[in-house]
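Undergrad: sequence? don't have it. structure:
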């Protein structure tokens, strides 16, 4: 049980590390010797911002899983929430964060990324049409 608590604390540690490096504005990196020139400092800053977004997504997913689904929704429904719903929420959060990272951190156009994501979603939807229908039928039967 303590191992899970430590794993849940890793995103918080990444937040603290990012905040420390951001606050020092590269002075700490230069003092330690991680960034001797501006190009390395910019690369390090981009990597830390990416980790910040991913840590935020992990914290949000943990909040949704342990607080919203396992406490609020499970109490309202009167039973456990299906894992499919939790996994779907997690995938959507990470896709949104990947889009935000491409657009905000790396300052690239997200149009091509969203077009590729949409096209792959359509292809997967057609390929898994019967499986998806069976899953939702099973969920409907379970909820009834």
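TA: That came in fine, so what should we check first? The shown structure was predicted, so the numbers you read here are calculated from the model rather than taken from an experiment.

Undergrad: Buried residues in stretch 78-97, which are they?
TA: Within stretch 78-97, the residues that count as buried by 16 or more other C-beta atoms under 10 Å are 81, 82, 86, 89, 90, 93, 97. (Glycine included, C-beta is placed from N, CA and C.)

Undergrad: Check stretch 109-125 too.
TA: For stretch 109-125, by 16+ other C-beta under 10 Å, it's 110, 113.

Undergrad: What segments of this protein are helices?
TA: 2-24, 27-32, 38-63, 74-77, 83-100, 111-127, 129-143 (DSSP state H).

Undergrad: can you give me the angle the fifth one makes with helix 38-63?
TA: Here helix 83-100 runs at 160 degrees with respect to helix 38-63, directions being taken by axes from the mean of the first three to the mean of the last three C-alpha atoms, to 10 degrees.

Undergrad: Does anything pack onto helix 83-100? Which helices or strands?
TA: helix 38-63, helix 111-127 (3 or more C-beta pairs under 8 Å, 6 or more residues apart in numbering; DSSP states H and E).

Undergrad: buried residues in the longest one?
TA: Judged by neighbour count (16+ other C-beta under 10 Å), helix 38-63 contains these buried residues: 41, 45, 48-61.

Undergrad: which one of the residues you listed is nearest residue 73?
TA: Ranked by distance to residue 73 (C-beta to C-beta), those are led by residue 61 at 14.7 Å.

Undergrad: distance of the closest one from residue 17?
TA: According to C-beta to C-beta, to the nearest Å, residue 61 stands 20 Å off from residue 17.

Undergrad: Residue 141 now?
TA: On the measure of C-beta to C-beta, residue 141 and residue 17 end up 47 Å apart.

Undergrad: cool, and residue 124?
TA: Counting by C-beta to C-beta - residue 124 and residue 17 are separated by 36 Å.

Undergrad: so residue 58 touches residue 15, yeah?
TA: No. Using C-beta atoms under 8 Å, residue 58 is not in contact with residue 15; the gap is 10.1 Å.

Undergrad: Report the separation between residue 123 and residue 116.
TA: For residue 123, the distance to residue 116 - C-beta to C-beta - is 11 Å.

Undergrad: ok, back up a step: by pLDDT, rank the buried residues of helix 38-63 and give me the bottom one.
TA: Comparing pLDDT over these, the lowest score belongs to residue 41 (69).
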